[in-house]
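Chemist: Structural data only, the sequence is not supplied:
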């Protein structure tokens, strides 16, 4: 049986920090990232791709707000905007990955599945928004928007500015997971839980409804990896390995890290909440529940010996 991987694309796979987000920029970024999946395909992996949508969903929210203000077009809620970005980003990944496969004389069907993810409407996250979305602002710009809209902003831990934050509840259940697994194991490349999934909750036992939130894509991808019994969970980011003492004179790259070590580093605040900490937590959850390994690395390192940081069980 072919091995099955879940690969979570980081924001860098779609949009770089110094870019405006034009279609040409995003397609070029996605194409480059997809070229690095070829070694996994040649090594016999089937896989499911998850992806973030922080910059894109924030921009879509702004577009809705501008349309309402200027033209009276009703702005849609965040869950609707997440669904929009699942479709648009899935389209880009499908197209650019297909272009890569054609270049490599490989043939796979590529399918994007619009994915609802169930959350708890009473999740404490709804009272403490932390998930950054949209563009970076100066402190003055963020304060002005906050005063006008009641939006909340947090400073980026890497000093890139201020970003709007929204609720980020825990993903509890992924809809259509059996179909996602079957399609992936049959050899199709599946794009699912885009942007962490469309957040929905049970109003009562036979009615689902969307809710204003953006689920963390790494946690949703981790849950998906557990539920489809993936052999490995991979998070792609913009650095080759996980570091302790990051950006300090004694920084150290980690080749391997047990979940016990990972928890200790988290409690020692070695990993930034706006960057590496949620990725490490997502890997811990996968390893803990599956007993298998997770990998955090750059896309360009995929398939290379010793690539990235392996997180493993005791």
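Modeler: Arrived safely. Remember, it's a predicted structure, so these values are computed and weren't measured experimentally.
Chemist: what's the lowest-mean-pLDDT helix or strand in the chain packed up against?
Modeler: Within the chain, judged by mean pLDDT, DSSP states H and E, the helix or strand with the poorest mean is strand 131-137; its value is a mean of 81. Under the contact criterion of 3 or more CB pairs under 8 Å, 6 or more residues apart in numbering; DSSP states H and E, the helices and strands touching strand 131-137 comprise helix 54-71, strand 162-166. Just so you know, the C-beta spots here come from the backbone N, C-alpha and C atoms, and that holds for glycine as well.
Chemist: just the ones you listed: most buried one?
Modeler: Among the helices and strands packed on strand 131-137, strand 162-166 has the highest mean neighbour count (mean count of other CB atoms under 10 Å), at a mean of 21.
Chemist: That one to strand 131-137, inter-axis angle?
Modeler: 150 degrees (axes from the mean of the first three to the mean of the last three CA atoms, to 10 degrees).
Chemist: what's next to strand 162-166, contact-wise?
Modeler: Residues lying outside strand 162-166 but in contact with it, judged by CB atoms under 8 Å, 6 or more residues apart in numbering, are 58, 78, 129-139, 141-142, 145, 151-156, 212-214.
Chemist: Roughly how far does the nearest residue to residue 310 once chain neighbours are set aside sit from residue 102?
Modeler: Take residue 310 and drop its neighbours on the chain: the residue closest to it by CB to CB, 6 or more residues apart in numbering is residue 256, 4.8 Å away. Residue 256 sits 37 Å away from residue 102, going by CB to CB, to the nearest Å.
Chemist: Looking at the two, which is more packed in?
Modeler: Taking other CB atoms under 10 Å, residue 256 and residue 102 do not tie; residue 256 has more neighbours (13 against 10).
Chemist: thought that one was touching residue 312?
Modeler: Yes: here residue 256 reaches residue 312: they are 6.5 Å apart, a contact under CB atoms under 8 Å.
Chemist: Specify the stretch among the helices and strands packed on strand 131-137 that is closest to residue 9.
Modeler: helix 54-71 (11.8 Å; CB to CB).
Chemist: The closest one - what's its average pLDDT?
Modeler: Model confidence over helix 54-71, given as mean pLDDT, is 88.
Chemist: Who are the packing partners of it?
Modeler: In terms of contact count using 3+ CB pairs under 8 Å, 6+ apart, helix 54-71 is assigned the packing partners helix 78-103, strand 131-137.
Chemist: Determine the set of other helices and strands touching the host helix or strand of residue 221.
Modeler: Element membership for residue 221, per DSSP states H and E: helix 217-227. Counting contacts by 3+ CB pairs under 8 Å, 6+ apart, the secondary-structure elements packed against helix 217-227 are strand 3-9, strand 45-51, strand 173-174, helix 177-185, strand 232-237, helix 276-290.
Chemist: mind putting the ones you listed in a markdown table, mean pLDDT included?
Modeler: Converted to a markdown table, those look like this (pLDDT from 0 to 100):
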| stretch | mean pLDDT |
| --- | --- |
| strand 3-9 | 96 |
| strand 45-51 | 96 |
| strand 173-174 | 98 |
| helix 177-185 | 98 |
| strand 232-237 | 96 |
| helix 276-290 | 96 |
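Chemist: I'd like these as JSON lines, with distance to residue 17 and mean neighbour count appended.
Modeler: Conversion of the helices and strands packed on helix 217-227 to JSON lines gives the following (distance: least, CB to CB, whole Å; neighbours: other CB atoms under 10 Å):
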{"stretch": "strand 3-9", "distance to residue 17": "16", "mean neighbour count": "24"}
{"stretch": "strand 45-51", "distance to residue 17": "17", "mean neighbour count": "25"}
{"stretch": "strand 173-174", "distance to residue 17": "30", "mean neighbour count": "18"}
{"stretch": "helix 177-185", "distance to residue 17": "31", "mean neighbour count": "17"}
{"stretch": "strand 232-237", "distance to residue 17": "13", "mean neighbour count": "25"}
{"stretch": "helix 276-290", "distance to residue 17": "16", "mean neighbour count": "21"}
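Chemist: still on that earlier bit, now do the contacts for the residue nearest to residue 310.
Modeler: 309-312.
Chemist: What's the separation between the nearest residue to residue 222 once chain neighbours are set aside and residue 124?
Modeler: Spatially, and ignoring its direct neighbours in sequence, residue 222 is nearest to residue 282 (4.0 Å; CB to CB, 6+ apart). Here the distance between residue 282 and residue 124 works out to 19 Å (CB to CB).
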